[in-house]
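Chemist: only the shape, not the letters, is given here:
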């Protein structure tokens, strides 16, 4: 009996010792885990061209080890740099969202290398009733007066899928997508497109055609002239007359035929 009691006490003591050791090991592991890096996030919404100030950002402790690539760990590393893409409140400021410190701020920092920003004068019609906002994409249409050897004006799409950088002085669209009454639209183009755009604005009248931002397809158009409008109108009306003539001359519906059998004899009955 004493042996059994001794073995039970020994087993209980061993179990308590192993439990205590396990808890100590877990506590040591938790103490060794990193608390996470300090990451700089925006304290408010930052629009394109904003020069970051200390009041615009704050440091937060990033949970775990999965810190975002290109993050900044100190406020000093981001102060004085220009924002090149919109940043929302509490969003980390990453290397790809800020310009070099020497680049400054304003619209120029948002222009990719090799591209140009060209502003064109617009009114309510040219600017699609104020719905050409920063971030939208447009096609540019030009109407040219008759040239030497030509008797008609010509209208044609000559630039397609062009991003809008700014509407007036705004570089960020309204949160509700409301139209803006502006007199100048700034477009992002290549140097070659800049030449064509400026020439078209000086030689004729340009107009913007707003397009779906997800529609990236380029189309070929033949252009339009006054005579083509007349031909189109005549074609539509003649097509309507041909369709009406076909309807009038269409044969009557075929007769209804019923196949019947009587006494093994097949008979066709027409109605």
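Modeler: Arrived safely, thanks for sending. Model, not experiment: these values are computed from the prediction. Numbers count the residues shown, from 1 in each chain.
Chemist: in the stretch 1-150 of the chain, which spans are strands?
Modeler: Along the stretch 1-150 of the chain, counting by DSSP state E, counting those that start in this stretch, strands occupy 38-42, 57-61, 116-121, 137-144.
Chemist: including mean neighbour count and distance to residue 153, could those go into TSV?
Modeler: All C-beta atoms are positioned from the backbone trio N, CA, C, and that covers glycine. Converted to TSV, these look like this (neighbours: other C-beta atoms under 10 Å; distance: least, C-beta to C-beta, whole Å):
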stretch	mean neighbour count	distance to residue 153
strand 38-42	20	51
strand 57-61	15	54
strand 116-121	16	20
strand 137-144	20	6
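Chemist: with mean pLDDT and distance to residue 210 added, can I get those in a markdown table?
Modeler: Putting the strands of the stretch 1-150 of the chain into a markdown table (pLDDT from 0 to 100; distance: least, C-beta to C-beta, whole Å) gives the following:
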| stretch | mean pLDDT | distance to residue 210 |
| --- | --- | --- |
| strand 38-42 | 93 | 30 |
| strand 57-61 | 93 | 35 |
| strand 116-121 | 93 | 14 |
| strand 137-144 | 94 | 6 |
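Chemist: dihedrals phi and psi, the closest residue to residue 128 other than its chain neighbours?
Modeler: The spatial neighbour of residue 128 that comes closest, neighbours along the chain excluded (C-beta to C-beta, 6 or more residues apart in numbering), is residue 210 at 4.5 Å. The phi/psi pair for residue 210 (degrees, to the nearest 10) reads phi -70, psi 140.
Chemist: quick check: residue 210 vs residue 154, distance?
Modeler: Residue 210 sits 22 Å away from residue 154, going by C-beta to C-beta, to the nearest Å.
Chemist: repeat for residue 60
Modeler: When C-beta to C-beta is the yardstick, residue 60 and residue 154 sit 59 Å from each other.
Chemist: and residue 39, by the same measure?
Modeler: Relative to residue 154, residue 39 is positioned 56 Å away (criterion: C-beta to C-beta).
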